[in-house]
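Enquirer: Got a predicted structure here, sequence first:
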Number of protein chains: 2
Amino acid sequence: MPEHNVSRRGLIGGTVGVAGVAAGFAGGAWYGDDRAESDATTATGSAATYPFRGEHQAGIVTPAQDRLHFAAFDVTTRSRAQLVSLLEAWTTAAARMTQGLPAGPVGPTEGAPLVPPDDTGEAIGLPPGGLTLTFGFGPGIFRDEHGRDRFGLADRQPEALRDLPHFPGDQLDPAKSRGDLCVQACSEDPQVAVHAIRNLARIGFGTVAVRWSQLGFGRTSTTSTSQSTPRNLFGFKDGTLNVKAEQTADLSTYVWVGPDDDQAWLTGGSYLVARRINMHIETWDRQGLQPQEEVVGRTKGTGAPLSGGSEFTPLDLAMKGSNGPLIPLDSHVSVVSPERNEGVRMLRRGYNFVDGSNPLGGLDAGLFFIAYVRDPRTHFIPLQTRMASHDAMMEYLRFTSSAVFAVPAGTQPGEYVGQALFA
Amino acid sequence: MPEHNVSRRGLIGGTVGVAGVAAGFAGGAWYGDDRAESDATTATGSAATYPFRGEHQAGIVTPAQDRLHFAAFDVTTRSRAQLVSLLEAWTTAAARMTQGLPAGPVGPTEGAPLVPPDDTGEAIGLPPGGLTLTFGFGPGIFRDEHGRDRFGLADRQPEALRDLPHFPGDQLDPAKSRGDLCVQACSEDPQVAVHAIRNLARIGFGTVAVRWSQLGFGRTSTTSTSQSTPRNLFGFKDGTLNVKAEQTADLSTYVWVGPDDDQAWLTGGSYLVARRINMHIETWDRQGLQPQEEVVGRTKGTGAPLSGGSEFTPLDLAMKGSNGPLIPLDSHVSVVSPERNEGVRMLRRGYNFVDGSNPLGGLDAGLFFIAYVRDPRTHFIPLQTRMASHDAMMEYLRFTSSAVFAVPAGTQPGEYVGQALFA
């Protein structure tokens, strides 16, 4: 069809003004369907696009989009060449989809009649909604469960990239834990995030299989000072003290792997820790407001510390009330506070989830915790150990999935994701 | 706190202009947190509200919102009075939440210190996003599994309200099927829909338990001529021929229960049929474009019938090509077409879903089918039987959940949901 009858209806009602947004969509790049006469749009449409290539991968300090589809993959091939081919193909498709283009150059509706389309089509007409795709390598890519080198990469495994230890409160589902590769897809539109994961899985058919996947519907973290603080399913603001994009010195200290940290190929990258945290929301909902606030250490309304002030007032862990510290010693914010944890902070990027119901007649609901840290051994494991042993909030939590991935630095033009690992 | 420091940030980027929208939010009604200094908003915020009370329940002909949280409940009490009290409490809370108010009059942050808040708080600062809450009664409310009258309602069970028969292709999970009560929550913001279901479950503690629940992330139907047609996970437009709000005569014929149909208490109501349909998307994605289009009977791009024209051109089932009808006899649109099914149409209101992964290394994904029909015996069962036996699309489908509910007419001021049933 000759005429490019592109509706721009997707722009109406969309969010604009996201800091640092490239103008790829405005140039007409999108999930093109030249033949479309009317185009489906969602009320959540957003014209935002973020560059796929750069110093760091997008989707870490990018202002947290509101929807998540996270997938962990098992590599099913023994061939290093096939694995590299997959990463090349994923890079090409990811660079396209994040700019609002179909996964492949032909697109969902223009191919030869008997050839499967190179895009699955459910995102036709949807703007990219700030889609980012972030890739990581799990411990299993280096060694199999018997410790054997799988792809000639064993001597490149970072010391810090090991399965997390068992923590108190862990009731992990092995089928929903670990993974050789991961892809974090974030967008303002869940259909766009799902479309991206689905097309990457399609491209990987025969080389990888989806091990587990998780949808998240509401961001629980703020990764930019331009964002307000959202709420988790306890009803409290979450992520107030998160490391944010604008705090570049803190990012270097707490998030990005430095050149002398460990394996050179991971310089400029980070570690992604994923933990599926079930919340006993039915039990929580039967607690009074004050006990809830004493578990968290902040007020439910504004998120101010119980030591006073407003949301961003520093905690005063020493301030005494009539019954000990105003911020109880076993409250969540006290237990995980940097001043009680050798100054450690992390960049959290979690999402609320509801996955149906549980056998007890409640919702299978909670927080899918994602954090980016410079070294899990120093920046995550000690904190999680402390939390699991001392945090009053643990009474309402159950950890049901766990995984850790090394997330390489950004991809340069002409490179594929993680190329430095294979070089 | 005296000052009402209400941020309106939730309005920025929101969708406005939805036909028939009341202005509740604009008047300051919302999930109030008077103390909030900064308020979490989502990029999908929408100021739309719909009246809770009316001739019919909202959430049927209401323009389909983009997100769903559907819950089926088991009633755990034997007391009719307790059941009625629950419906009264649900009515009050639903009327409030659909107008953007907290579930209870005290709200999430203003209660006495040791009393559980009467709202859970995760929707503080979020506009209602056109939230509708639609209630239904399953067969189990009338008789238990042994056929015994549970609440003195057995003689009021409509003949049409029976568990659906087994259809070819059904592989139902009993734990995710049926239910005594259902609530369909639809909103542009999933956190608002989840918040509503979660608070109704909280209010019902001790009287009901969640039997199963389902999130949907993308509407697959159009219930108003003001909406464009969205796409399902096969990548095709879905719901082109849906009965729409503006077709009032068709609604009377196909959707609303008439005064002489069956039980008088259900007049002006409808039947909700829910079917969780898993799609074998990995298999689908390996089919050529032409075979895909021949299974559906429409083009993937515009959704036009294979007999020609554009999306809304009537099907020409007789038009011949070189190999038989251009629209194959076993294509989906042909098999379910009104002209081959005694003119039957339905109002569909389904959603795309992804619930993690399946053991085969693919996504547990598909369509959560919801339809509103005047009588399942004539308007759903014959069509589903025909589809299950003759539709080429069945090769890619597996039905994993099934339920049917009687949805009473709208609630009048001073009434509770379903009051006519108990009168």
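Expert: Arrived safely.
Enquirer: Close to chain B: what parts of the stretch 251-400 of chain A are there?
Expert: A:281-282, A:285-292, A:299-302, A:310-311, A:352, A:354-357, A:360-363, A:365 (C-beta under 8 Å from any C-beta of the partner chain). Backbone N, C-alpha and C define where each C-beta goes, glycine included.
Enquirer: how about 10 Å then?
Expert: Contacts of the stretch 251-400 of chain A with chain B, taken as C-beta under 10 Å from any C-beta of the partner chain, map to A:281-282, A:284-294, A:299-304, A:310-312, A:352-365.
Enquirer: from those, which ones fall inside strands?
Expert: A:352, A:353, A:354, A:355, A:356, A:357, A:363, A:364, A:365 (DSSP state E).
Enquirer: which of the residues of the stretch 251-400 of chain A next to chain B are buried?
Expert: By neighbour count, with 16 or more other C-beta atoms under 10 Å in any protein chain shown, those hold A:281-282, A:284-285, A:287, A:289, A:292-294, A:299-304, A:311, A:352-357, A:361-365 as buried.
Enquirer: ok, the closest residue to chain B within the stretch 251-400 of chain A to residue B:144 distance?
Expert: Among all residues of the stretch 251-400 of chain A, residue A:361 sits closest to chain B, at 2.7 Å; criterion: C-beta to the nearest C-beta. Per C-beta to C-beta, to the nearest Å, residue A:361 is found 17 Å from residue B:144.
Enquirer: just residue A:112 next, same as before
Expert: Taken as C-beta to C-beta, the span from residue A:112 to residue B:144 is 58 Å.
Enquirer: and if you look at residue A:126?
Expert: Separation of residue A:126 from residue B:144 (C-beta to C-beta): 46 Å.
Enquirer: For the helix or strand of chain A with the lowest mean pLDDT, which strands pair with it and how are they oriented?
Expert: Within chain A, no helix or strand scores below strand A:218-219, which has a mean of 92 by mean pLDDT, DSSP states H and E. Paired strands of strand A:218-219, with direction, are strand A:351-357 (antiparallel) (DSSP bridges).
Enquirer: any idea of the mean pLDDT in the partner strand?
Expert: Mean pLDDT, strand A:351-357: 97.
Enquirer: Leaving out chain neighbours, which residue sits closest to the residue of the stretch 251-400 of chain A closest to chain B?
Expert: residue B:209 (2.7 Å; C-beta to C-beta, 6 or more residues apart in numbering or on different chains).
Enquirer: quick one: contacts for that neighbour?
Expert: A:282, A:357, A:359, A:360, A:361, A:362, B:73, B:74, B:75, B:76, B:180, B:201 (C-beta atoms under 10 Å, 6 or more residues apart in numbering or on different chains).
Enquirer: Show me where chain A has its helices.
Expert: Using DSSP state H, the helices of chain A run over residues A:80-97, A:190-203, A:248-254, A:281-284, A:289-296, A:332-335, A:376-379, A:381-390, A:419-422.
Enquirer: any bit of the longest one sitting next to chain B?
Expert: Meaning helix A:80-97. No: under the criterion of C-beta under 10 Å from any C-beta, helix A:80-97 makes no contact with chain B; the nearest approach is 13.3 Å.
Enquirer: Mind giving me the packing neighbours of that helix?
Expert: In terms of contacts (3 or more C-beta pairs under 10 Å, 6 or more residues apart in numbering or on different chains; DSSP states H and E), helix A:80-97 is packed against strand A:67-75, strand A:132-137, strand A:181-187, helix A:190-203, strand A:208-216, helix A:419-422.
Enquirer: got the angle for that helix vs strand A:132-137?
Expert: 160 degrees (axes from the mean of the first three to the mean of the last three C-alpha atoms, to 10 degrees).
Enquirer: List the buried residues in helix A:80-97.
Expert: A:82-84, A:86-87, A:89-91, A:93-97.
Enquirer: which residues touch the closest residue to residue A:55 other than its chain neighbours?
Expert: In this structure, residue A:55 finds its nearest non-sequential neighbour in residue A:410, 5.1 Å apart by C-beta to C-beta, 6+ apart. Shown in contact with residue A:410 (C-beta under 10 Å, 6+ apart): A:51, A:52, A:53, A:54, A:55, A:56, A:57, A:58, A:60, A:268, A:269, A:417.
Enquirer: pLDDT wise, what is residue A:410 at?
Expert: The model's pLDDT for residue A:410 equals 98.
Enquirer: Quick check: it vs chain B, distance?
Expert: Shown here: residue A:410 relative to chain B, a distance of 24 Å by C-beta to the nearest C-beta, to the nearest Å.
Enquirer: Quickly note the distance from that residue to residue A:242.
Expert: From residue A:410 to residue A:242 the distance is 21 Å (C-beta to C-beta).
Enquirer: So for stretch A:258-275, what gets flagged as buried?
Expert: For stretch A:258-275, a neighbour-count test (16+ other C-beta under 10 Å) marks A:261-263, A:265-275 as buried.
Enquirer: distance of the residue nearest to residue A:55 from residue A:128?
Expert: Distance, residue A:410 to residue A:128, using C-beta to C-beta: 18 Å.
Enquirer: same check, this time on residue A:225
Expert: In terms of C-beta to C-beta, residue A:225 sits 24 Å off from residue A:128.
Enquirer: Same question for residue A:300.
Expert: 35 Å.
Enquirer: How about residue A:152?
Expert: 36 Å.
Enquirer: quick one, which of the two is more surrounded?
Expert: In terms of neighbours (other C-beta atoms under 10 Å in any protein chain shown), residue A:128 is the more surrounded of residue A:152 and residue A:128; the figures are 31 against 10.
Enquirer: wouldn't that one be in contact with residue A:97 here?
Expert: Yes: taking contacts as C-beta atoms under 10 Å, residue A:128 lies within contact range of residue A:97: 7.4 Å.
Enquirer: Identify the contacts common to those two.
Expert: Common neighbours of residue A:128 and residue A:97, using C-beta under 10 Å, 6+ apart, are A:31, A:187, A:192, A:195, A:196.
Enquirer: Contacts only, for the last one.
Expert: Meaning residue A:196. Going by C-beta under 10 Å, 6+ apart, residue A:196 touches A:69, A:71, A:93-94, A:97-98, A:103, A:123, A:128, A:131-133, A:183, A:185-187.
Enquirer: what do you get if the cut-off is 8 Å, keeping everything else the same?
Expert: If you count contacts by C-beta atoms under 8 Å, 6 or more residues apart in numbering or on different chains, residue A:196 has them with A:69, A:94, A:97, A:98, A:103, A:131, A:133, A:183, A:185, A:187.
Enquirer: Would you tell me which one of the contacts of residue A:410 comes nearest to chain B?
Expert: residue A:58 (16.8 Å).
Enquirer: so who does that closest one touch?
Expert: Contacts for residue A:58 (C-beta under 8 Å, 6+ apart) come out as A:50, A:51, A:52, A:98, A:132, A:133, A:134, A:410.
Enquirer: follow-up on the earlier one: would you mind finding the most buried of the helices and strands packed on helix A:80-97?
Expert: The highest mean neighbour count among the helices and strands packed on helix A:80-97, using mean count of other C-beta atoms under 10 Å in any protein chain shown, belongs to strand A:181-187: a mean of 28.
Enquirer: Can you get me the start-to-end distance on stretch A:153-160?
Expert: 15 Å (C-alpha to C-alpha, to the nearest Å).
Enquirer: Could you check which residue of the stretch 51-200 of chain A lies nearest chain B?
Expert: residue A:121 (2.5 Å).
Enquirer: Ramachandran coordinates for that residue?
Expert: Here is the backbone geometry of residue A:121 (degrees, to the nearest 10): phi 100, psi -20.
Enquirer: residue contacts, it?
Expert: For residue A:121, the contact set (C-beta under 8 Å, 6+ apart) comprises A:108, A:109, B:231, B:234, B:235, B:236, B:300.
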